[in-house]
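1. With the sequence up front, the predicted model follows.
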Amino acid sequence: MSNENMLSNSDQPLVGVVMGSRSDWPTMKLASDLLSQMGIPHETKVVSAHRTPDRLVEYAKSAKSRGLKVIIAGAGGAAHLPGMIASMTIVPVLGVPVKSKALSGVDSLYSIVQMPKGIPVGTLAIGDAGAANAGLLAAAIVAGHSEDVAEKLEAFRQAQTDAVVETVED
Ligand code: RP5
């Protein structure tokens with residue numbers, strides 16, 4: 001399949017956005033919104049490592065054959081979801097530490113970032129910034145295969161640069 005055809009088969013999700021709970025959605029929506037803005041077909045699912053372990057296994061093991069190029073996995077607390085998914089697929093996994101009530105997401109960050117050598121999870125910042133950046137990073141990965149996504153990403157960066165004021169006044 002040529003690079004452009006990878007995206008022209010439009011309905012097939014290229015990125016999976018998964019989260020441990022429905023309660024993670026306000027955070028993970030930021031990743032999904034960025035992917036939509038970049039025109040990248042994606043899916044959004046609740047997959048819990050401890051509440052729906054069978055769903056987790058099925059999701060991770062079928063990811064590559066279903067054509068996913070990147071998985072963004074967000075979870076809070078003892079956030080084993082991204083690492084568990086990464087252990088069952090070679091599709092790159094980006095982990096988003098969701099802000100937890102008890103420890104403000106530091107627990108989530110440590111759980112996700114400290115993967116033992118051999119099973120990598122690309123870990124983003126805690127919370128909203130991490131989720132949005134996961135969407136942008138997934139777009140950058142997909143952009144290597146799609147000129148259309150590359151152009152959208154360049155335009156996003158340019159708009160962001162253009163929006164920065166140079167002087168401040170009262
Ligand atoms: C994790 O536990 C989820 O990723 C969520 O961040 C956290 C709390 O889940 P709920 O109790 O809100 O469902 O599995």
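-> Yes, it's here.
2. Name the residues of this structure found near the ligand, please.
-> Within the chain, the positions adjacent to the ligand are 19-21, 23-24, 48, 75-77, 98 by Cβ under 6 Å from any ligand atom. All C-beta spots, glycine's among them, are computed from the backbone N, C-alpha and C.
3. Quick one, which of those are buried?
-> Buried residues within the residues of the chain next to the ligand, counting neighbours by 16 or more other Cβ atoms under 10 Å: 19-21, 24, 48, 75-77, 98.
4. can you map out the strands along this structure?
-> Shown for the chain, the strands assigned by DSSP state E span residues 15-19, 42-46, 70-76, 93-98, 122-123.
5. Off-centre distance for the last one?
-> Read it as strand 122-123. Per Cα atoms, centre = their mean, to the nearest Å, the displacement of strand 122-123 from the mean C-alpha position of its chain is 9 Å.
6. For that strand, which strands pair with it and how are they oriented?
-> Sheet pairing for strand 122-123, assigned by DSSP bridges, gives strand 93-98 (parallel).
7. angle of the partner strand against strand 70-76?
-> 20 degrees (axes from the mean of the first three to the mean of the last three Cα atoms, to 10 degrees).
8. quick check: angle from strand 93-98 to strand 15-19?
-> Strand 93-98 and strand 15-19 are oriented at 30 degrees to each other (the same axes, to 10 degrees).
9. quick revisit: in a markdown table: the buried ones among the residues of the chain next to the ligand, plus pLDDT.
-> Conversion of those to a markdown table gives the following (pLDDT from 0 to 100):
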| residue | pLDDT |
| --- | --- |
| 19 | 98 |
| 20 | 98 |
| 21 | 98 |
| 24 | 98 |
| 48 | 97 |
| 75 | 98 |
| 76 | 98 |
| 77 | 96 |
| 98 | 98 |
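10. what would those residues look like in TSV with distance to residue 39?
-> Listed next are these as TSV, based on distance: Cβ to Cβ, whole Å:
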residue	distance to residue 39
19	22
20	27
21	28
24	24
48	29
75	27
76	29
77	33
98	26
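11. ok, of those residues, which one's closest to residue 116?
-> residue 75 (17.7 Å; Cβ to Cβ).
12. Tell me who's in contact with the closest one.
-> For residue 75, the set of contacting residues under the criterion of Cβ atoms under 8 Å, 6 or more residues apart in numbering consists of 19-21, 24, 49, 81-82, 95-98, 108, 111-112.
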